[in-house]
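A.B. asks: got a predicted model here, sequence first, then my questions.
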Amino acid sequence: MKYSYYPGCTLRTKAKDLDRYARASAEALGFVLEELDNWQCCGGVYPLGTDEIASKLSCVRALNEAKEKNQSLVTVCSACHHVMKRVNDDMANVADIQSRANNYMGLAEPYKGETEVLHFLEVLRDKVGFAELKKKVVNPLTGKKIGAYYGCLLLRPSGVMAFDDPENPTILEDFIRALGAEPVVYPYRNECCGGYISLKDPQGATNMCQRIANSAESFGADLLVTACPLCKFNLTKNSKLPIVYFTELLAEALGVKEDA
């Protein structure tokens, strides 16, 4: 299976491990991530202005390229996935945005939200299957107690993201079990880490991160796993609990992590 791959700019700088372990794991699992030729930054934040078009065009360009290749588009970063999925929903369902974006870009064939947007975790769950993933594990993470940290971007707004139950998600816990580790369920796993207020209100962000980490530790977690570079940065800075990308755990379990 071949997917169009949108890495996003953070995976070229501060989140290189999220990217390289995703690529190595995909190869080990037998599917191909084909990086889009002309991708640009998604903007990192979905623009809430209903008349905002310019900041959505990079997403439309990537989505249309995947459409032209007749491929689903896969993302790894939570923020990129959030923006890409919501812009795609706009292009499918908001006539004004659809017409203005298409008029601006002058595409040979208008883009109307046809591309399926998948997070890498959805590929593992819905395309590979966690049962099949478990069979591929050569280095089970036995004995590790891992807390899943979802944050807010993967789950909300739930009607558009359609990723998992926003109040009681299970995809990361099922992923952790497939790797042979023990998932730790704790109250703050889908609460915001304060990443977007860390400059304006650093103490507020620190308090939010410490509440998350303390909650996870009190329920027995040895580490937290995330898909979001901003969450990882913020939690690492403001707590003592180890924070790792889900792709690093995956690569370790599949035996393709270089330093495993």
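C.D. replies: Yep, that arrived. Numbers count the residues shown, from 1 in each chain.

A.B. asks: now the most centrally placed residue in the chain: phi and psi?
C.D. replies: With distances taken as C-alpha atoms, centre = their mean, Ser78 lies nearest the centre of the chain, 3.1 Å away. Geometry field for Ser78 lists phi and psi as phi -60, psi -40, criterion degrees, to the nearest 10.

A.B. asks: then Gln98?
C.D. replies: Dihedral angles (degrees, to the nearest 10) for Gln98: phi -60, psi -50.

A.B. asks: and Thr226, by the same measure?
C.D. replies: Per degrees, to the nearest 10, the backbone of Thr226 is at phi -140, psi 170.

A.B. asks: and the nearest residue to it once chain neighbours are set aside, what does it touch?
C.D. replies: With sequence-adjacent residues excluded and distances taken as C-beta to C-beta, 6 or more residues apart in numbering, Thr226 is closest to Tyr149, at 4.6 Å. Every C-beta, even on glycine, is put in place using the N, C-alpha and C of the backbone. Applying C-beta atoms under 8 Å, 6 or more residues apart in numbering to Tyr149 gives the contacts Leu172, Arg189, Cys193, Ile212, Ala216, Leu224, Val225, Thr226, Cys231, Leu235, Ile243.

A.B. asks: C-alpha coordinates for the helix or strand harbouring Lys85, CSV please?
C.D. replies: Secondary-structure assignment from DSSP states H and E places Lys85 in helix 78-93. What follows is helix 78-93, C-alpha atoms only, in CSV (Å, rounded to 0.1, in the frame of the first residue of the first chain):
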residue,chain,number,x,y,z
SER,A,78,-1.0,16.1,15.6
ALA,A,79,-1.1,19.8,14.7
CYS,A,80,-0.6,19.1,11.0
HIS,A,81,-3.2,16.4,11.1
HIS,A,82,-5.7,18.8,12.8
VAL,A,83,-5.2,21.6,10.3
MET,A,84,-5.2,19.3,7.3
LYS,A,85,-8.3,17.4,8.4
ARG,A,86,-10.3,20.6,9.1
VAL,A,87,-9.3,22.4,5.9
ASN,A,88,-10.3,19.2,4.0
ASP,A,89,-13.7,19.4,5.7
ASP,A,90,-14.0,23.0,4.7
MET,A,91,-13.3,22.1,1.1
ALA,A,92,-15.9,19.4,1.1
ASN,A,93,-18.7,21.2,3.0
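
A.B. asks: list the contacts of it.
C.D. replies: Under C-beta under 8 Å, 6+ apart, the answer for helix 78-93 is 6-8, 10, 42-46, 56, 59-60, 62-63, 73, 75, 97-98, 101, 111-115, 117, 119, 151, 153-154, 157, 160-161, 226-231.

A.B. asks: and that helix, which residues are buried?
C.D. replies: Neighbour counts over helix 78-93 (16 or more other C-beta atoms under 10 Å) mark 78-91 as buried.

A.B. asks: repeat for stretch 58-73
C.D. replies: Buried-residue list, stretch 58-73, by 16+ other C-beta under 10 Å: 58-67, 69, 71-73.

A.B. asks: tally of neighbours for Gly195?
C.D. replies: 22 (other C-beta atoms under 10 Å).

A.B. asks: ok, it - contacts?
C.D. replies: Gly195 neighbours (C-beta under 8 Å, 6+ apart): Gly151, Ala205, Cys228, Leu230, Cys231, Phe233, Asn234.

A.B. asks: farthest-apart pair in those residues, please.
C.D. replies: Ala205 and Cys228 (13.9 Å; C-beta to C-beta).
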